[in-house]
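Asks: Pasting the sequence and the predicted model now:
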Amino acid sequence: MLTEAGTVEKLIIRGICGKTPLSVASVEDIIAQVPNATYIRIFESHFTPTTGATLLSLKHNVKISNFILNNISIPITGNKLNAFLERNACRRCHVHYDFKLRNGDNDITRELNKHLNTFGWILTDQISSKLKCMK
């Protein structure tokens, strides 16, 4: 695998197949493979119930300057994800989160998608503000 040498500094990936057929690798599985990446962008961001805790246990060797997660599969709380970034990101790290929108054209789906968009911006703003206040 390209990441075995530990030389990947910039990762832009749509998503990769998981360990079993028809599964997708989780965010923590992908990030664990690139401990020297300063730029991480994952377009299909799959979270598991243990993503936050696993990210906190990872050893990332360099400060992250760009961290972008698009199409997050399930609503998450940012606490452990933010703690990972507080430990591993530089003060001026560009962070962006957005959630996978639901298909449908009815009022309930439109309202849900509106809230998912708002939630992504809230999480993005929350961690960006925390990082700027770090010493």
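Replies: Sure, I can see it.

Asks: going forward, measure contacts and count neighbours with C-alpha atoms only.
Replies: Fine.

Asks: Give the next helix or strand downstream of the lengthiest strand in the chain.
Replies: When the chain is parsed with DSSP state E, its longest strand is strand 89-99. Per DSSP states H and E, strand 89-99 leads on to helix 107-133 as the next helix or strand towards the C-terminus.

Asks: So which other helices or strands are in contact with that next one?
Replies: Contact partners of helix 107-133 among helices and strands, from 3 or more CA pairs under 8 Å, 6 or more residues apart in numbering; DSSP states H and E: helix 79-88, strand 89-99.

Asks: What residues of it count as buried?
Replies: Of all the residues in helix 107-133, those buried under the rule 16 or more other CA atoms under 10 Å are 113, 116-117, 119-120, 122-124, 127-128, 131.

Asks: okay, which residue is most central for this structure?
Replies: Geometric centre of the chain, nearest residue: residue 69, 3.9 Å, by CA atoms, centre = their mean.

Asks: what is the rounded mean pLDDT of the host helix or strand of it?
Replies: Using DSSP H and E, residue 69 maps to strand 64-72. Mean pLDDT, strand 64-72: 94.
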